[in-house]
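Visitor: Next come a sequence and a model predicted from it.
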Amino acid sequence: GVQPESGVRRAREFTASLMEMCITRGGRNNRNPVEIVKTLGRQCPSSPRSHAPTLATMGKGKGQKVMDFDLATAMTKKENRKLTKMECMVNYHLARVPFWNGKESVAMANAEKTREMIASLKTKVKNRWEEQNGIY
């Protein structure tokens, strides 16, 4: 193991070099002491930052990047306009459904047809995204 005296000596040297850098470089470069500590942390062998694993490399599946599907970014402007219009049309048709016998009404059928069109548009966008990114 490491002798306690040598660890204390290293810490004192580190603090002395930090103070020296703050005094000598602070006026010229206007560097903030936190930046100086970060640079010294990379240089100092006794610093826990130099050999400790980071959170970015720890844990299950951190080495693999899985692409996530995002509907808003995968759609074109035209598809986005169509989708927003169809979503509004669903509400339009649902507002015209009568109270009695509403499930068999023409307005409900139109709303269901519009919902099916929305679902087909979303699947079309997802299939195109999968083809572009090599996911089958």
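Guide: Cool, got the structure. Numbers count the residues shown, from 1 in each chain.
Visitor: Strands of this structure, start to end?
Guide: Secondary structure of the chain (DSSP state E): no strands located.
Visitor: where does it have low pLDDT?
Guide: Applying pLDDT under 70 to the chain flags residues 1-6, 18-66, 136.
Visitor: Would you map the helices across it?
Guide: Listed in chain order, the helices of the chain (DSSP state H) span residues 4-29, 33-43, 71-74, 77-95, 106-132.
Visitor: Please produce CSV containing the ones you listed, extended by mean neighbour count.
Guide: From N, CA and C alone the C-beta is placed, and that goes for glycine too. Shown next, in CSV, are the helices of the chain (neighbours: other CB atoms under 10 Å):
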stretch, mean neighbour count
helix 4-29, 12
helix 33-43, 13
helix 71-74, 11
helix 77-95, 13
helix 106-132, 14
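Visitor: Quick check, Trp129 in contact with Met75.
Guide: No - contact between Trp129 and Met75 fails when scored by CB atoms under 8 Å: they sit 9.2 Å apart.
Visitor: Please enumerate the shared neighbours of the two.
Guide: By CB atoms under 8 Å, 6 or more residues apart in numbering, Trp129 and Met75 have no common neighbours.
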